[in-house]
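Asker: Structure for the following, please:
(2 chains)
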Amino acid sequence: MNYAIEIQNLTKRFGRLVAVDGLYLQVPQGSIFAFLGPNGAGKTTTINMMMDITSPTKGIISVFGVDSKRLSPKEVSQIGYVSENQELLEWMTVEQLINYCKPMYSTWDDKFCKDLLAQFDIPYKQKIKTFSRGMKMKTALVSSLSFRPKLLILDEPFSGLDPVVREEFIDGLLEITQNQEWTIFISSHDIHEVERLADWVGIIHLGKKRLVEETESLQNRFRTIEIILKEAISEKINYPEEWLSVQCKDRIINFVDSQYSDKQTREKIKKIFPDHSDVSAAGMTLREIFVILAKQYRMVKK
Amino acid sequence: MKMCAHIFRKDLSKLKWLIGVWTLLALFYFLNNTSYFLDNYKMQIQLTDINSFIASLQYLMIIVIVPMLIHVDALVGNSAFWLTRPISRKELLVSKISFILVFLILIPLLSEVAVFINNGVAVKFILLAIPQIVYEKLYFIVPVFILATLTRKFSKFALVGIIIMVSLFLFGLVESFFSYLWDIHITEYLSNKTLIKTDPYNVSLEWSISFAKMVFNGVIGIWIILNQFLARNSKKTVKLIVLGVIFVVLINKFWCWDILNIGSLKPKLLNISGSIEIEPQIESVSVSEGQDYNFYKKKQELKYKNVYLIQDIKGLPQAQVAVLDKFKNASMKYAVGKDLTWHEDIVGYGFGSIYEHDSIDAIKAILKDTKIVNPYNKSNSSDILFKIREEDYEKFKDKKGEYSAEGKFNVSEYRITSIIPLVEDTKVWVGPEQVVIYDIVENSLGVKIVLGEKKVNLKLNADLQKDINQFQFYSYNGSSQAFYVLRNKVTGEAYFPDNIDDSQISSPQYNQNILRSRVKQFFYKHKSDQFFALPEINKEWLKDAELVRIDEYKVGYFIKKVRYEQIAFNEKKDYTEKDGFRIYSYDTGEKHWECPDAEANMGTTCVDYCNKQTFCKEYYKSGSLKLEGFYNEGTDNSTVKEYYENGILMYEYTYVDGELDGVVKKYDRNGKLLPERIYKKGKLVE
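Answerer: Down below sits the predicted model:
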């Protein structure tokens, strides 16, 4: 498999604070990779190092096989970047911004740019500083998509957007990327935002990688399980490690199985609770998986 | 390069209004300095102020334009737009520097060169001025540029700028606190003064240090800019700044060789001390009180007695004068009692200025075949030789001592640099300096000549002078003084101006432009309060008149040990008192003046000073009455009578409210009344 981004042993320290701690990550080409983690997990720092905005303390990030510290304008011209923190040249009109960006990219597609502007309903002649936050994000997206980048990096693109604009943004992104061979690396602290987009998920917590997996595989192996016992249990039971967030209430036991397989899970249940009357399993959304994992990481830390 | 041009265009689009104003300022400067306006000197005086205002605006605009130029693609922080675009850092650097060169340097440079060309400045001087113009612009732009690269927004830039200024002020306060409590002067400690014992005669060391500082500051500055543009490593930048400060301090402390032999450019040592005689005029030693005014340095608010002394330096060629620059190894010994030991009070003072009579004598010496007809009013000015504390003065005032020291004397020479026809609008070049005669105004007292001096203010030579002052208007070849003598080329009669010291009516205020100008007016009087029997400056006389310009040139310096014996601190009176009158005498002992004691002064007519109820008298050496003046009783008005040496009345005139007013009677040597003249409030009416 070819990777658009490869991260090896990436570490970034700010004084005593370790923002990213020995991170390893591989983003397959053509994938839409959701880079998830709570606020302060190290997502933006990782992206900044990816774009050579800051330098790593240790480790290497390769983008298209090139060390990020040595990214030349040629490589950067294949990367689109949109971030909530990025400043636009707000004193310009959209037209001026487009005209400024266009000569930087040999792959700039005027027609595509116009289509995007129309799709996002962006006024061409208006100064960017008069725009709302949502409009500014859409403008940034247009300026980063119009050259058909091979890699699109979106750093918390939905932050601060109202739900309507957020939906519009995601719909637009889905529509645009549907037929493109693009790799999209999207970071967010809320998985719900990227659930519809992502085919790969990476979770980072306190600077450390917790999980990297294809969305489908992840959703297949996580289930909420409910067991109804015939009689309430009184003795302490050692549950398998993969059973997360186990809760007992009278005769009912709820937990999340992080290694779900219909046959094996049932066998384990039968072994631990031979006297149960019913077992039910329900699928989980990415958001539910993310929340349960985040809780788990916090417990581990404690 | 394509990308550089692209960023350049974007920046111009962002700053187009400011650049427009900037260009207009340069254009306005050009128009302001065209010869069309400058032919009118009254207008030019106004325009000199406008030039200063333009310069202030230009500085202000640099403080706005440069940070905006850098902050539009900020180098600090992680959010700048350019960071995620295919723009290389080198391209960004080249683009920004090109912008500064094209707009902030080239435009004002072109306007300055246009002014030069418009004023007829020679190509040679234009070429010499260009590096200086660029250097002076960069001298201000580079620090602003550095500060802009270290900040992200204008608000931060301004804040840091204010913090730097406040810090310097606070540093001054801290220093004064230390100096007040413990007599520790931090600035002196950090500078070379105390750490390196510089030889006051070997100035190359000082040049070496200042050169090293300049180079080092430049290197640090460029390093910071490159680091910010090419690496954006703020930690490294902070380290650089800290290291820079440490290195500058260390260089101040340890740098002590003249790596480029800059010292050799200094004025040369003249091996003439053997032929020089220095005679102090002991009888003119006087004492006055002095005080240092420094609001926070209370220790220095002690009262001093300043000891003055006049010296006469002989042995130089007639056209040369020598002025003491500084003393070294000074000491004061007494025949009885202890020596004065606080040498710092003795060493630091000397005769700093040229005595006017020396200059005039030198000028007279080079004006051969010319007869200076007006007896120039020599002033016996003197400078502080040294000062002592009041308590020590009390201790030593009645004793006589011997002062000895090694003195460094600067030698200047006067040379005729130009003969200027006395015709309005005449323009003459004296080296890189142009003299323009704006106006010639005759009146009953003589003539007033208004002239302008415009100068390509090259510092090539002037820089070699110590205490370079940017406000100063250096004449050609670093000379600091230019004299204009009014001469009739037919008769050979010549006048010194009445007001050498007070001739400047528009000062060359500091601005960043190299072409500077000032307007001077000189009065050449055949009539004054004191001198009446001189050749009349009238239309006929002026028809054959010309202005002789004389410049002072620095020749070099010599070192000479001086010894002043029998110096006493007690104030010597140069008059005797009798019945409430002061009697001043000629050097040869004859009575000269007889005046009431209050405010009496030599060298002036006593009408200005005498007591209302009585009168002053001036005598010829022969003892006959020369002048008598008295106030008319009960009024401020006074009457003056002047006599020939044979006792016959020469003049009779009246002052009303300090101005010549009424009939002026003049008699010939036989007592015959000549045609009367009538004055009204100082002006001749008929």
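
Asker: Show me the shaky parts of the stretch 101-250 of chain A.
Answerer: A:160, A:179-180 (pLDDT under 70).

Asker: Which neighbours in the sheet does the strand or helix carrying B:Glu442 have, and how are they oriented?
Answerer: According to DSSP states H and E, B:Glu442 maps onto strand B:433-443. Strand B:433-443 has its sheet partners listed here by DSSP bridges as strand B:427-430 (antiparallel), strand B:446-456 (antiparallel).

Asker: want to throw those strands into a markdown table with mean neighbour count?
Answerer: The C-beta positions use only the backbone N, C-alpha and C, and glycine is treated the same way. Formatted as a markdown table, the strands paired with strand B:433-443 follow (neighbours: other CB atoms under 10 Å in any protein chain shown):
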| stretch | mean neighbour count |
| --- | --- |
| strand B:427-430 | 17 |
| strand B:446-456 | 23 |
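
Asker: Out of those, which gets nearest to A:Glu235?
Answerer: Nearest of those to A:Glu235, taken as CB to CB: strand B:446-456 at 103.6 Å.

Asker: Could I get the average pLDDT for that closest one?
Answerer: Across strand B:446-456, pLDDT averages out at 84.

Asker: Name the surrounding residues that touch whatever helix or strand comes next after that strand.
Answerer: Tracing the chain past strand B:446-456, the next element assigned as helix or strand by DSSP H and E is strand B:482-488. Contacts with strand B:482-488, where a contact means CB atoms under 8 Å, 6 or more residues apart in numbering or on different chains, come from B:359, B:363, B:367, B:370, B:372, B:414, B:417, B:420, B:422, B:447, B:449, B:451, B:453, B:475, B:493-497, B:500, B:522, B:524, B:535, B:537, B:541, B:544-552.

Asker: which of those count as buried?
Answerer: Among the contacts of strand B:482-488, the ones that count as buried by 16 or more other CB atoms under 10 Å in any protein chain shown are B:359, B:363, B:367, B:370, B:372, B:414, B:417, B:420, B:422, B:447, B:449, B:451, B:453, B:475, B:493-497, B:500, B:522, B:524, B:537, B:541, B:545-552.

Asker: So which of those are in strands?
Answerer: Judged by DSSP state E, those include B:372, B:414, B:417, B:420, B:447, B:449, B:451, B:453, B:493-495, B:522, B:524, B:545-552 as members of strands.

Asker: Could you give the number of residues near A:Arg16?
Answerer: 5 (other CB atoms under 10 Å in any protein chain shown).

Asker: hmm, back to that, out of the strands paired with strand B:433-443, which comes closest to B:Ile678?
Answerer: With CB to CB as the yardstick, what comes closest out of the strands paired with strand B:433-443 is strand B:446-456 (18.3 Å).

Asker: just the CA coordinates of the closest one, formatted as CSV?
Answerer: Presented in CSV, the C-alpha positions along strand B:446-456 are these (Å, rounded to 0.1, in the frame of the first residue of the first chain):
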residue,chain,number,x,y,z
GLY,B,446,25.9,100.3,5.7
VAL,B,447,24.7,97.2,3.9
LYS,B,448,22.9,94.0,4.7
ILE,B,449,23.7,91.0,2.6
VAL,B,450,21.5,87.9,2.7
LEU,B,451,23.0,84.8,1.3
GLY,B,452,22.2,81.2,1.2
GLU,B,453,24.5,78.2,1.6
LYS,B,454,23.4,75.0,0.1
LYS,B,455,25.5,72.0,0.8
VAL,B,456,25.8,68.4,-0.3
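
Asker: thinking again about what came up before, ok, residues contacting the strand holding B:Glu442?
Answerer: B:38-41, B:119-121, B:418, B:420, B:422-429, B:447-456, B:475-476, B:519, B:537-539, B:542, B:547, B:549, B:683-684.

Asker: could you give the angle of it to strand B:482-488?
Answerer: Counting by axes from the mean of the first three to the mean of the last three CA atoms, to 10 degrees, strand B:433-443 lies at 50 degrees to strand B:482-488.

Asker: Quickly list what the residue nearest to B:Ile313 when sequence neighbours are not counted is bridged to.
Answerer: Distances taken as CB to CB, 6 or more residues apart in numbering or on different chains place B:Ala322 nearest to B:Ile313, at 4.6 Å, with adjacent residues excluded. Counting by DSSP bridges, B:Ala322 forms beta bridges with B:Val411.

Asker: same question, the one 10 residues further on
Answerer: B:Met332 has the following beta-bridge partners by DSSP bridges: B:Leu340, B:Tyr403.

Asker: for chain B, what helix or strand is lowest in average pLDDT?
Answerer: The weakest-scoring helix or strand in chain B, judged by mean pLDDT, DSSP states H and E, is helix B:343-347 (a mean of 40).

Asker: host element of the residue nearest the centre of chain A?
Answerer: Centroid-nearest residue in chain A, with CA atoms, centre = their mean: A:Ala34, separated by 2.2 Å. Per DSSP H and E: A:Ala34 is located in strand A:32-36.
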